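Colleague: build me a model:
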Amino acid sequence: MQRLRVTIRGAVQGVGFRPFVYRLATEMRLGGWVKNSPQGVFIEAEGPREDLDAFLLRLEREKPGLSFIQSLEYSLLEPLGYEGFRIQQSDESGDRTTVILPDVATCPRCRAELFDPSDRRFRYPFINCTLCGPRFSIIQTLPYDRANTTMKSFVMCPDCRREYSDPADRRFHAQPDACGVCGPHLSLWDSRGRTIATGDDALREAAAAIRRGETLALKGLGGFQLLADARNEVAVLRLRERKRREEKPLACMFPDLEALGHYVNISPLEKRLLLSSESPIVLLRRHPDTDIASAVAPGNPYLGAMLPYTPLHHLLMKELGFPIIATSGNLHDEPILTDEREALASIGDIADFFLVHNRPIERHVDDSVVRVQLDRETILRRARGYAPLPIILKLSLPPLLAVGGHLKNTVAVSKGSDVILSQHIGDLETAKALFAFRKVIDDLLSLYEVKPAAVVHDAHPDYASTRYAKDSGYPVVPVYHHHAHLAACMAENELEGEVLGVTWDGAGYGEDKTLWGGEFLLGDAGGYSRVAHFRPFRLPGGEAAIKEPRRTALGLLHEIFGPDALTNGLYLPPDKLAREGFPEATARLLGQMLTKGINSPITTSAGRLFDAVAAILGIRSVCSFEGQAAMMVEFQVDEEEQGHYPVNLQGSDPLVFDWEPLFREIIRERDQGTPLPVICARFHNTLVEAILEVAQKVGVRRVVLSGGVFQNRYLTEHAFRRLEGAGFRPYIHQRVPPNDGGIALGQIAIAAARMDKPCA
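Modeller: This is a model prediction of the structure:
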């Protein structure tokens, strides 16, 4: 007889891991115990050595499906004579290193019970078990026990208590366990907060309101959603008008996979994503001529689609049987709302009714957004289902806080070899967004008990995140934006040593105090050199040019043609000039600004090149949301077109990609009547050829592609395959967004390298 002591770290709390260990040990007739702690799961088991060896193997092989074991350490000790096996009370002492599980979509067994009239939880909208339900959105502190969640005020009835205490039941130690007798319940309010109905009646009345074309605010898992009939053009336009969201695509929820198949193409990998425990919004190629309202995603060949992922969504979609808008419940540039009274005050003018419940939401968690590129998943917004699972680097890191960038903000903390990347926070443009940013930071530092050795921030001096870092009282480490993109992609792909980083986005503060964005960086987390970049040009009006591609086009063409770019109408097609061009006085002023360099910052941005193409081709001259013009250029592409424009690389240290021949050809072909899809394809293909030529001149085999421009599926796939075909090893993002939602990871990798701590 021997005693086996096991320490397991990873996603092992809230997934039925202790009940699994209990059942396994009991089946194998081992004595001992299992318990949770802030460091993970501890096990002691006694029995013959061969049984203990088999127990170890089965722990890893048969663990619950939602769990993952980050590390398993064990030792053999003298036996103590344990009789039987039991689950001990959780130990709350010590440093917190446990992986907290994300919120998990409703499992098949709970779904079956939800719609079974003979089950005591029939139509109960908060059904869950150890395999599914809320986790990150309800946990207040570690270890993960009911008393440490927002469920602590709900006292279990005898039936729920019996399940919770029965090792043979799948709700054994399911912390959010509840039923209609003892758990949370629904209420339907009107826009003044008056209760109209409760319980199942509230749900049926809410469905009836959506059927009538009204807007419903739903308190979901990690915050509010705004719901409306996705087939009703009037309802969708009314929602857009009230929310001040002119054209940005709206996500849709469908009753089930079969219904979704009538609206979009679904590959096997996309099907897996839709049905996964993460259950994200997936960007899917839509079928033409469906009954989805044109205002849902105007001019967009994709739909952001998801399936029901909570029992409440399943019940609502069963009542409706048709697709609905399911967009974040917030005002423009503000975080998603989590409290029903705050929601009533904030979006009471948007929603006609509020379907709410009395289970508090501890932290906001948006829906994640994923698309499939190169037959693999690429996360574009990392939140529900993914956060806060750690990105595990190869070696130990100092304790750090990284505060990300200004747009699509996420923050991160490091502990041991883990980087815990927060859920999506968003653009730090409003007071409420900044409040959410600070709350998420406090949340992560508290949950994981991290006292940062330093705060890592973007080098841009005017970012709100930079000001936070400098006011924090901790030592600060500034990191250049595009170096963080490179380091993030390296860390995710576990790369060490020198790589060529192609870091393309809308803008980031550069070493020369200009706006970079079309960069080729040679290096690693420890340092880099700028080996190539796009030819610089000016943006008249600075940030105004981001919203007006016609300004960007003017700045770029002013670089080529001088003042003639404005007077001869080169920056817009002749048929668009009168309608979408500038008044004469404005045009004259912009020309003077460009000539004198007044309020016209210099940029090398690849993202802004897309904007210029959009304006020059008459695709989009003014945008209603960030990235709109670039998306519309991508959507125009003729994927059969193989041609490209000249690639003109000049100089040597650094190389400069001169886009002038490219744009002269675009204007010439535009004026000759070449179809727009052909021009847009050749533009993309030219950028791919530029990547390949720089890679060949630099001579480094490994190439990482990072930055918001690589959300573009066509560009990413063609660059990857072109590099691979030429003998290079390209790498892209998968579990971390290529956009600014991933740079906090890169910031930590860089700071750790500077502090002489090894990291991936």
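Colleague: from memory residue 358 sits against residue 195, does it?
Modeller: No: contact criterion CB atoms under 8 Å: residue 358 and residue 195 do not qualify, at 11.9 Å. All C-beta atoms are positioned from the backbone trio N, CA, C, and that covers glycine.
Colleague: what touches both of the two?
Modeller: Common contact partners of residue 358 and residue 195 (CB atoms under 8 Å, 6 or more residues apart in numbering): residue 187.
Colleague: which residue sits closest to residue 121 in space, ignoring its chain neighbours?
Modeller: Leaving out its chain neighbours, the residue that sits closest to residue 121 by CB to CB, 6 or more residues apart in numbering is residue 127, at 4.8 Å.
Colleague: now do residue 319
Modeller: residue 207 (3.8 Å).
Colleague: next up, the contacts around that neighbour.
Modeller: The contact partners of residue 207, by CB under 8 Å, 6+ apart, come to 316, 319, 320.
Colleague: which element follows the strand or helix carrying it toward the C-terminus?
Modeller: Secondary structure from DSSP states H and E places residue 207 in helix 199-211. Per DSSP H and E, the first helix or strand lying C-terminal to helix 199-211 is strand 216-219.
Colleague: returning to what we had before: can you tell me which of the contacts of residue 207 is nearest residue 303?
Modeller: The closest of these to residue 303 turns out to be residue 320 (CB to CB; 17.3 Å).
Colleague: thought that closest one was touching residue 256?
Modeller: No: here residue 320 lies out of contact with residue 256, judged by CB under 8 Å, at a distance of 11.6 Å.
Colleague: between the two, which is the more surrounded one?
Modeller: Legend: neighbour count by other CB atoms under 10 Å for residue 320 and residue 256, higher for residue 320 (18 against 15).
Colleague: separation between that one and residue 308?
Modeller: 10 Å (CB to CB, to the nearest Å).
Colleague: overlap of the contact sets of these two?
Modeller: Common neighbours of residue 320 and residue 308 (CB under 8 Å, 6+ apart) are residue 255.
Colleague: what is the subsequent helix or strand relative to whichever strand or helix holds residue 60?
Modeller: For residue 60, the host element (DSSP H and E) is helix 49-61. Using DSSP H and E, the helix or strand that follows helix 49-61 towards the C-terminus is strand 68-77.
Colleague: partners of that following strand in the sheet?
Modeller: Paired neighbours of strand 68-77 in the sheet (DSSP bridges): strand 2-11 (antiparallel).
Colleague: now whichever helix or strand comes after the partner strand: mean pLDDT?
Modeller: Moving toward the C-terminus from strand 2-11, the next helix or strand (DSSP H and E) is helix 17-27. Throughout helix 17-27, pLDDT has a mean value of 94.
Colleague: next, the angle strand 2-11 makes with helix 17-27.
Modeller: Counting by axes from the mean of the first three to the mean of the last three CA atoms, to 10 degrees, helix 17-27 lies at 150 degrees to strand 2-11.
Colleague: for helix 17-27, enumerate the helices and strands it packs against.
Modeller: Contact analysis of helix 17-27 by 3 or more CB pairs under 8 Å, 6 or more residues apart in numbering; DSSP states H and E lists strand 31-37, strand 40-47, helix 49-61, strand 85-87 as its packing neighbours.
Colleague: which of those is buried the deepest?
Modeller: Most buried of these, by mean neighbour count (mean count of other CB atoms under 10 Å): strand 40-47, with a mean of 23.
Colleague: now the angle from that one to strand 68-77?
Modeller: Computed by the same axes, to 10 degrees, the angle separating strand 40-47 from strand 68-77 equals 40 degrees.
Colleague: centroid-nearest residue for the protein?
Modeller: residue 381 (1.6 Å; CA atoms, centre = their mean).
Colleague: so what's the closest residue to it other than its chain neighbours bridging to?
Modeller: Spatially, and ignoring its direct neighbours in sequence, residue 381 is nearest to residue 369 (4.0 Å; CB to CB, 6+ apart). For residue 369, the beta-bridge partners are residue 281, residue 381 (DSSP bridges).
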